[in-house]
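# 3D model of this:
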Amino acid sequence: MIKMIPEPINIPACFSSGEHEPNLARSSSSGSPQSLNMSIYRAKIGPQARLVTITWCKNLMLHGLSISVDGPNGYDHYHCKVELKPWYFWKKQGSKQFLVEGRSIGIVWDLKGAKFHGEVEPVSDYYVALVYNEEVVLVVGDMKKDAFRKTGCRPALVDPVLVSRKEHIFGKKKFSTRVKFHERGKCHEITVECNNGSGNLEGVSPEMDIKIDGELATQVKHLQWKFRGNEMIDVNKETKLEVYWDVHDWLFGSGPRHAMFLFKSLGSSSSSSVSASCQADDPEFSLFLYAWKVE
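A predicted model of the protein is given here:
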C-alpha cells in the first residue's frame, strides 16, 4: 500500500550535503551539465570514525575525482581534488597529501588502465586508496592488492562501511543506475521511467514505474496527485527497500529540473532509522538518486 507524504521528504542531516547540492550537476566552467557519483563511507581514521566522501564528476571538459573527510563536529570538511583532463596523462596515476586537523592523510591512485564503459565512476582495473599512519584506511576499486603493494602499508584493522551513495543522472523519460545494497551482495539495476512527465495534457494521467533488475517493483498512477510518497518493496527474500520519491519539479517545474529518489535498505530491524547508519554498525544503506530531465 502506498503511504502518501503531504510534506516534502525530510532527508536526514547526516547524509545531506546541503540544499544547493543539485546545483553541482549544472555548475561547470563550460556551462554544460555534469554527472556526479558520491559514495560516503564510515572509516576509522586514527582514534575515531569519520565520514569520507569520494566524488566522481564528468562533463565535456573534465573528468574529476575528489575526496573529503568530515571533521569531528560533522561540519568541517577537508578536501583533496584530482583532475583527469584528457591531456593530463600523468594525472592518471599518482599521489597527494592533505591535512585533516593538522594530521597528514595520503591519497594514492592508479587510473591509467581504468575501464569506465561510459560511466562516471570506473567499473574495473583501478584503485584509489586513503592512507593514514601507515595504514590503508579506505581503498576503492578492484585492484586492492596493488594498492597495498604500492603504498607499502597494512590494511585497516577496522573495515570501512559504505553508508550511502548519491548520484546525478540525466535522461528524458528513463533513468537507470546500478548499485549494491549490501557490501557482499550482488549488483542490482534500478530503473525509473515516467510517462508523460508534463502532467498537463488533458485526459492523460502521468504514471511512474520503478523497476529492479527489470521487474516492476512499484507503479504509481495519477502521479500529478501522488508526486510525493513512499512504499516498502521486496528485492528478494533477504532485502527490503523503503523507497521515497519527490517528482514535483518534473511535473510542475520549468527549465532544468530534477526529481529525487531515496532507496533505503533495511537491516534486521525495520524500525531503525537512516540516521542510525552514521553511528551503528548495521547493514543499512541509502541511495539518493537525483534524476534530471532533459528535453
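# By mean pLDDT, point me to the weakest helix or strand of this protein.
strand 3-4 (a mean of 30; mean pLDDT, DSSP states H and E).
# immediately after it, which helix or strand?
From strand 3-4 onward toward the C-terminus, using DSSP states H and E, the following helix or strand is strand 35-45.
# Wait, A129 touches L111, no?
No. Counting by CB atoms under 8 Å, A129 does not reach L111; the two are 12.0 Å apart. Glycine gets a C-beta too; all of them are placed from N, C-alpha and C.
# Looking at these two, which one has more neighbours?
Taking other CB atoms under 10 Å, A129 and L111 do not tie; A129 has more neighbours (24 against 20).
# got the buried residues for the host helix or strand of that one?
Following DSSP H and E, one finds A129 within strand 127-132. Using 16 or more other CB atoms under 10 Å as the test for burial, strand 127-132 gives 127-132.
# Including pLDDT, could those residues go into a markdown table?
What follows is these, written out as a markdown table (pLDDT from 0 to 100):
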| residue | pLDDT |
| --- | --- |
| Y127 | 95 |
| V128 | 95 |
| A129 | 96 |
| L130 | 95 |
| V131 | 95 |
| Y132 | 94 |
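# what's the closest of the residues you listed to P256?
P256 lies nearest to V128 out of these, by CB to CB, at 30.1 Å.
# so the closest one makes contact with W56?
No. Between V128 and W56 there is no contact under CB under 8 Å: 9.7 Å.
# which neighbours do the two share?
Both V128 and W56 are contacted by L65, under the criterion CB atoms under 8 Å, 6 or more residues apart in numbering.
# From E242, how far out is W292?
The gap separating W292 from E242 is 23 Å, by CB to CB, to the nearest Å.
# now do F175
Between F175 and E242 the distance is 19 Å, computed by CB to CB.
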